[in-house]
Each structure stands twice: as C-alpha cells, then as structure tokens.
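J.: Fold the following.
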Amino acid sequence: MTTDWTRTTWVKVRFDYPGLHMWPDAPASQYYLGLDHRHMFQLTASMTVEHDDREVEFHALREELDEVVNTMARVAPPGLESKLFYFGALSCESMAEVVITWMRECYPGREYKVEVSEDGENAAIIEEGIVESDKVTIT
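T.: Below you'll find the model as predicted:
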C-alpha cells in the first residue's frame, strides 16, 4: 500500500474595515437591512504560493488589498459622510467577488479563497482554483 502526499503553501492576510451598506430589496421582515447600517467588515484573503521565500509578501498584499477595498467604496449620501467606508448596495458576496477577481488578475494561476464577514458573525466565502482534468476527448 502506498500513500501519496500533497502539500500546498498558502499566504493569508486579514484585516478589518468599518463600513456602511444596505440591501435595497430587503424583505419586509428585515426592513432594517434596506437602510444604511454599520458593520465592522472583516476581509480574509488567501492564495497559494510556489515557494517559501516571500513569493507574495504579506505586507505588500495587505497594502494592495487596502486599495481594492478603497475602490469598492462609494461616495456616501449627504449626512452619511464619515470615516466609514460606504459600500451602498454591495453585499459581502459581491465584495468577495471583487477581491477574488483582482487576485486572479494580479496573481494568476493559483488557488484563492476570500471571506468577507459582517462583525465576525456572518460571512460570504468564495474559493477558486484551477481544475485539471484527465479526461481524454476523442474526436
């Protein structure tokens, strides 16, 4: 009996950012979600690396992701201007999609995982990677 081992190295960054968002199509039973409301959003982003000598430097990745979060922020409506990010109708799922799309474009050919949570309670998670197929197509 043989055992095959596989090993994958990942880098991961995590940070918090205060922000407001809303869900314009919230059902009546959760009407308050249709109003701008505050969360401490938490972003965790991970990707595979090929070697253990800072192929992707944590600090640089964190700074780049700060810029990605800045690009998602909208101009706050009058009366809501503050030091909070304003994300309008963006959901955690859509924020995670923006981040993972950026990661795929800037660091291609890897596996990725992005999690965006609200106050550390509820989260959207997207995992993405390259699927290799050993199917043979006969034409």
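J.: The residue nearest to Gln30 when sequence neighbours are not counted is in what secondary structure piece?
T.: Distances taken as CB to CB, 6 or more residues apart in numbering put Trp23 closest to Gln30, at 7.9 Å, once the chain neighbours are dropped. C-beta coordinates here come from the backbone N, C-alpha and C atoms, glycine included. Here Trp23 sits in a region with no helix or strand, counting by DSSP states H and E.
J.: Can you give me every residue that contacts Trp23?
T.: Residues in contact with Trp23 (CB atoms under 8 Å, 6 or more residues apart in numbering) are Gln30, Leu33, Gly34, Ala89, Ser91.
J.: Would you map the helices across the chain?
T.: Ranges of helices within the chain are 58-72, 92-106, based on DSSP state H.
J.: Lowest average confidence across these, which one?
T.: Set side by side, the helices of the chain give their lowest mean pLDDT on helix 58-72, at a mean of 94.
J.: With that, I have no additional questions.
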